[in-house]
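Chemist: predicted model and sequence below, questions to follow.
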Amino acid sequence: MIELKASHDSEIRRHGERDYPFECCGLMLGRFQDGDKTVVETYAISNAREEEAKRNRFLIRPEELMRGEKYAREKGLDVVGFYHSHPDDRAVPSQYDLEHAWPTYSYIVVAVEEGSAADLRSWEMEADRTRFNEEEIGLRSEI
Ligand SMILES: [Zn+2]
């Protein structure tokens, strides 16, 4: 399970809407606890791909990931997952996503339909890397 605040959920949705019709991406920073993850902060990253490719793919540049990891460490947090949007597509990871994912992390995908964020789902890769399993999202109260 991944636990986030309602404000994180809306930050990811707003980012997806802002970057529509392109994919947005970012990191989720927080803590691993007994196999679960708790998100403390979202960390927006720009999409590194060329304009034409941005519609279908997302990629975080290594230097951006390193900057995000450094920022997390300074705050005593870990990178617990990644989020990205699927403009006019389902909130289900693609084959490309599977090929570029790592186990342990959470992958949140938000569907953005005609500019409005819709479905938001979280996924975790099977240890043998053959597929994603849907992961429960727990919303915790703001206080
Ligand atoms: Zn994707």
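Modeler: Alright, I've got the coordinates.
Chemist: can you give me the helices for the chain?
Modeler: 6-19, 62-74, 95-99 (DSSP state H).
Chemist: residues from this structure in reach of the ion?
Modeler: Counting by Cβ under 5 Å from the ion, the chain comes close to the ion at 94, 97. For the C-beta atoms, the positions are set from N, CA and C on the backbone; glycine is no exception.
Chemist: ok so, going back, the helices of the chain into a markdown table, with extra columns for mean neighbour count and mean pLDDT?
Modeler: Compiled in a markdown table, the helices of the chain are given as follows (neighbours: other Cβ atoms under 10 Å; pLDDT from 0 to 100):
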| stretch | mean neighbour count | mean pLDDT |
| --- | --- | --- |
| helix 6-19 | 18 | 95 |
| helix 62-74 | 13 | 92 |
| helix 95-99 | 13 | 91 |
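Chemist: residue of the protein with the smallest distance to the ion?
Modeler: D97 (4.1 Å; Cβ to the ion).
Chemist: where does the chain dip in pLDDT?
Modeler: By pLDDT under 70, the weakly predicted segments of the chain are 47-59, 143.
Chemist: center of the protein, which residue is that?
Modeler: Centroid-nearest residue in the chain: Y83, 1.0 Å away (criterion: Cα atoms, centre = their mean).
Chemist: would JSON lines of the helices of the chain with distance to S106 be doable?
Modeler: Shown next, in JSON lines, are those (distance: least, Cβ to Cβ, whole Å):
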{"stretch": "helix 6-19", "distance to S106": "12"}
{"stretch": "helix 62-74", "distance to S106": "14"}
{"stretch": "helix 95-99", "distance to S106": "13"}
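Chemist: E126: neighbouring residues, count only.
Modeler: Number of residues near E126 (other Cβ atoms under 10 Å) recorded here: 11.
Chemist: how many neighbours does H86 have?
Modeler: The burial count for H86: 23, using other Cβ under 10 Å.
Chemist: who does it bridge with?
Modeler: With DSSP bridges as the criterion, H86 is bridged to A111.
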